[in-house]
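> Task: produce atomic coordinates for the following.
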Amino acid sequence: MALSKMEDFKFDGKERIPVDYVKGIMQTIPTCNIWDQIWNFQAKSDDLLIATYPKAGLEQAKQMPSPRTLKTHLPIQLLPPSFLEKNCKIIYVARNPKDNMVSYYHFQRMNKALPAPGTWEEYFESFLAGKVCWGSWHDHVKGWWKAKDQHRIVYLFYEDLKKNPKQEIQKLAEFIGKNLDHEVLDKILHHTSFDVMKQNSMANYSSIPTEIMNHSVSPFMRKGTVGDWKNHFTVAQNERFDEDYKKKMADSSLTFHFQFS
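Sure, this is the predicted structure:
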């Protein structure tokens, strides 16, 4: 939705779309300008909504058959009420915050439709403080985790999708009421693998003008791995992050895998 009025801004290598706040959550100005339209969006009962914190993955879910598949990065408190009122099926995907932070940092570096992230050190502080578009990662994942007990929400983890994609895709298929035979499942596994999707113009955002997304700075689909945060975090940053994470997640039963054993 924020892309709808990008023609109002000039991308000359310096300018970025400005931001403001909606109910305390940072959003780009084009989103803020049409917030009433977003909030009053009318969902249909057979809509399938995919919800993620930015750069948390599951682009492949877009390719699964459905009457209407929509995607949002909104935290649960900003979700248009009609989705819950119509009892829509919602797929939420969460990614461990360290890898999520790294991926989001590189995404902001290449995407001029978002604020400039600054240095890695500056971005580290912004992320911990929740001063990024779509708000705090901690609040986002906890909010949707709590909502899953009251609504038709299947909560998936990016790390599980990487480790056992067949099992997770079968879980998704059952959730949306699709019975997949082995041949179809194998085709989905192939076409939704990271390496194949990275070459797919329908998934890698290569069709978006360079003035908006500069893939030479960082590709939209960069690595898609688990544990890449180790190549960015200093020892001091990791210790500080862990201490902050322990405090902010103390009131939740959510657990994440930060690397594969």
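> following the helix or strand harbouring Gln37, which helix or strand shows up next?
According to DSSP states H and E, Gln37 maps onto helix 35-39. Next in sequence after helix 35-39, counting helices and strands by DSSP H and E, comes strand 47-52.
> The protein: helices as residue ranges?
Per DSSP state H, the chain carries helices over the ranges 29-33, 35-39, 82-85, 97-110, 120-129, 137-147, 158-163, 165-175, 182-191, 194-198, 235-248.
> Check those helices for me: which has the lowest mean pLDDT.
When mean pLDDT is averaged over each of these, helix 194-198 scores lowest at a mean of 64.
> Asn40: how many residues sit nearby?
When neighbours are counted by other CB atoms under 10 Å, Asn40 registers 10. In short, each C-beta sits where N, CA and C put it, glycine included.
> which residues sit in contact with it?
Neighbouring residues of Asn40 by CB atoms under 8 Å, 6 or more residues apart in numbering: Pro80, Ser82.
> Let's have the helices of the chain in a markdown table, adding distance to Tyr53 and mean neighbour count.
A markdown table is the format used below for the helices of the chain (distance: least, CB to CB, whole Å; neighbours: other CB atoms under 10 Å):
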| stretch | distance to Tyr53 | mean neighbour count |
| --- | --- | --- |
| helix 29-33 | 16 | 17 |
| helix 35-39 | 17 | 13 |
| helix 82-85 | 17 | 17 |
| helix 97-110 | 6 | 23 |
| helix 120-129 | 11 | 16 |
| helix 137-147 | 5 | 21 |
| helix 158-163 | 10 | 19 |
| helix 165-175 | 18 | 16 |
| helix 182-191 | 24 | 12 |
| helix 194-198 | 18 | 15 |
| helix 235-248 | 14 | 13 |
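> quick one: which of the ones you listed is nearest Arg16?
Proximity to Arg16 (CB to CB) singles out helix 97-110 among the helices of the chain, at 9.2 Å.
> other SSEs contacting the closest one?
helix 120-129, helix 137-147, helix 235-248 (3 or more CB pairs under 8 Å, 6 or more residues apart in numbering; DSSP states H and E).
> Reformat those helices as a markdown table; add distance to Arg16.
A markdown table is the format used below for the helices and strands packed on helix 97-110 (distance: least, CB to CB, whole Å):
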| stretch | distance to Arg16 |
| --- | --- |
| helix 120-129 | 14 |
| helix 137-147 | 21 |
| helix 235-248 | 25 |
